[in-house]
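1. could you work out the structure for the sequence below:
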Amino acid sequence: MIPVLYVDGNSRRRENAEHFFGTDSGIALDTVPSARLAKKKAGSGRYGAIVFDYPEKSKEKNDMIVSLREQGLKTPVILFTRWQDPACEHEAGRCSGITCVRTAGLAQISFRELRAVIRLVSGEN
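-> Numbering: from 1, shown residues only. Next comes the predicted model:
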């Protein structure tokens with residue numbers, strides 16, 4: 001099982017993610033509604049990846065990522081978006097260990113794509 005911290009301010013999307021990843025996906029999802037709350041959990045270093053629904057409050061998210069990197073944690077960060085968003089790709093390109101995943105927008109397809117990327121970045125192919 002790959003432990004993943006999933007950060008999304010939308011409770012319905014968090015529930016959908018918990019439902020999808022809770023069914024024999026090989027991923028143990030821990031969900032939180034904000035980067036501020038995620039920062040406390042992420043500092044433990046126990047996660048194989050951290051997923052942010054993009055755009056999650058940018059300042060909080062950026063502060064968290066910088067803080068993790070300053071602590072020496074190299075946990076892969078995935079920015080998960082359902083939109084064609086060049087800003088997401090730009091942000092991913094600015095920092096080491098950040099991947100931007102654009103999806104088709106349909107929940108099941110999106111989560112399948114996300115699962116594949118989580119396995120890839122965590123080294124659990």
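2. going by C-alpha atoms from here, please, whenever you check contacts or count neighbours.
-> OK.
3. the spatially most central residue of the chain pairs with what?
-> The residue lying closest to the centre of the chain (CA atoms, centre = their mean) is residue 51, at 0.4 Å. Residue 51 forms beta bridges with residue 6, residue 78, as assigned by DSSP bridges.
4. surely it and residue 77 touch.
-> Yes. The criterion here is CA atoms under 8 Å, and residue 51 meets it with residue 77 at 5.9 Å.
5. quick one: neighbours of residue 31, just the number.
-> By other CA atoms under 10 Å, 21 other residues sit near residue 31.
6. so what sits opposite it in the bridge?
-> Counting by DSSP bridges, the residues bridging with residue 31 are residue 6.
7. correct me if wrong: it contacts residue 5.
-> Yes. Judged on CA under 8 Å, residue 31 makes contact with residue 5 at a distance of 5.9 Å.
8. by mean pLDDT, which helix or strand of this protein comes out lowest?
-> The least trusted helix or strand in the chain, going by mean pLDDT, DSSP states H and E, turns out to be helix 86-94, with a mean of 59.
9. number of nearby residues for residue 119?
-> When neighbours are counted by other CA under 10 Å, residue 119 comes out with 17.
10. pull out the buried residues from stretch 10-23.
-> Using 16 or more other CA atoms under 10 Å as the test for burial, stretch 10-23 gives 14, 17, 18, 20, 21.
11. among the residues you listed, which lie within strands?
-> Secondary structure of these is defined by DSSP state E; no position falls in strands.
12. pLDDT on stretch 13-27, on average?
-> Across stretch 13-27, the average pLDDT comes to 86.
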